[in-house]
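Enquirer: build me a model from this:
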Amino acid sequence: MEQVIRELLSKDSYSVSDLVRIVRVLRSENGCPWDKVQTHKTIKKDLLEETYEVMEAIDCDSPEMMQEELGDVLLQVVFHTVLESEQGHFELDDVTNDVCRKLIVRHPHVFGNVNVEGVDDVLRNWDSIKMDTKGQETFTDTLKSVPKNFPALMRAQKLGKRAAKSGFDFESPQQAFDSLKSEVSEVEEVLGDKDKAAQELGDLMFSFVNVARKLGLDAEELLSAANDKFLGRFEKVEQLTLSDGQDITKLTADELEAYWQRAKQM
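Expert: Residues are numbered from 1 along each chain as shown. Presented below is the predicted three-dimensional model:
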């Protein structure tokens with residue numbers, strides 16, 4: 001291991017294979033105390049967090065930030081792979097081999113003799129090949145394959161999209177919106193019953209996602225944008241109250257609403 005460390009320290013630039021070697025050093029007997037005790041479960045959230053940081057870099061349109069954050073995601077991939085390698089299950093080359101084969105199989109219009117007219121044909125072929133290779137025999141199978149630990153809005157949109165491929169869908173955004181209004185009424189009817197309200201509120205949120213999907217919008221992104229909007233307006237409300245010499249915690253609901261309306265106009 002000392003020889004490996006010397007070789008790594010002598011390099012001017014590094015490759016993916018060097019990253020694997022570094023992780024192995026960190027996991028070795030004389031490596032890092034923290035890295036040595038990690039498992040898939042202890043670091044699984046790190047992969048999710050790093051992925052979200054890549055998304056932020058994309059939103060910021062920053063190549064420099066994206067390069068760094070993609071490196072952090074790659075580290076997570078390598079770390080999980082090394083954990084499996086230590087158990088003799090698979091190596092990084094096996095992971096790479098699988099994804100390369102998957103891309104070739106799912107692009108018969110590029111690597112085979114299948115003809116396509118456009119993006120729609122590509123997507124239909126992709127779904128059909130995916131069902132075959134994953135042994136999915138029914139549309140229900142495709143819905144069940146959506147990971148349960150997806151963010152709830154993302155999972156709801158994915159479920160609705162896959163169900164729609166069977167023909168089970170609203171005919172228009174208006175029809176989806178009419179269903180949404182119906183769900184609102186059902187929530188109102190059970191507001192006095194917490195358990196029933198919880199169920200109906202879930203249905204209501206799922207209906208919101210359907211409307212977004214039928215409009216070609218991403219529900220997860222919509223709520224994220226709404227969160228940012230709320231934060232910005234709340235900040236303005238607090239600034240207004242401070243500039244007026246008011247204690248926001250002492251204001252009535254009507255007074256706070258007035259400040260909120262002022263913030264919306266700013």
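Enquirer: give me the contact list for the helix or strand of the chain with the lowest mean pLDDT.
Expert: When each helix and strand of the chain is scored by mean pLDDT, DSSP states H and E, helix 119-133 comes last, with a mean of 88. With contact meaning CB atoms under 8 Å, 6 or more residues apart in numbering, helix 119-133 is reached by 102, 105-106, 108-109, 114, 116, 136-137, 141-142, 165. The way it works is simple: take the backbone N, C-alpha and C, and place the C-beta from them, glycine included.
Enquirer: just the residues you listed now: which is nearest Arg155?
Expert: The nearest member of these to Arg155, counting by CB to CB, is Thr142 at 13.2 Å.
Enquirer: the closest one: what's it in contact with?
Expert: So Thr142 contacts 127, 131, 136, 162, 165 (CB under 8 Å, 6+ apart).
Enquirer: ok, the third one - contacts?
Expert: When you say that, I think you mean Gln136. 130, 142, 145.
Enquirer: need the residues you listed in a markdown table with distance to Asp61, can you?
Expert: Supplementary listing: the contacts of Gln136 in a markdown table, determined by distance: CB to CB, whole Å:
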| residue | distance to Asp61 |
| --- | --- |
| Lys130 | 31 |
| Thr142 | 34 |
| Ser145 | 33 |
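Enquirer: from these, which is closest to Ser10?
Expert: Taking CB to CB as the measure, Ser10 sits nearest to Lys130 out of the contacts of Gln136, at 45.2 Å.
Enquirer: could you report the neighbour count for that closest one?
Expert: Each residue near Lys130 was counted by other CB atoms under 10 Å, and the total is 15.
Enquirer: name the element the closest residue in space to Thr51 that isn't next to it in sequence belongs to?
Expert: Of all residues not flanking Thr51 in the chain, Val73 sits nearest, at 6.0 Å (CB to CB, 6 or more residues apart in numbering). Counting by DSSP states H and E, the secondary-structure element that holds Val73 is helix 63-86.
Enquirer: quick one: buried residues of the helix or strand just after that helix?
Expert: Moving toward the C-terminus from helix 63-86, the first helix or strand encountered (DSSP H and E) is helix 92-105. For helix 92-105, a neighbour-count test (16 or more other CB atoms under 10 Å) marks Leu92 as buried.
Enquirer: following helix 92-105, which helix or strand comes up?
Expert: Tracing the chain past helix 92-105, the next element assigned as helix or strand by DSSP H and E is helix 108-111.
Enquirer: show me what that following helix is packed up against.
Expert: The helices and strands touching helix 108-111, judged by 3 or more CB pairs under 8 Å, 6 or more residues apart in numbering; DSSP states H and E, are helix 119-133.
Enquirer: 6 Å - rerun?
Expert: Applying 3 or more CB pairs under 6 Å, 6 or more residues apart in numbering; DSSP states H and E, one finds that helix 108-111 contacts no other helix or strand.
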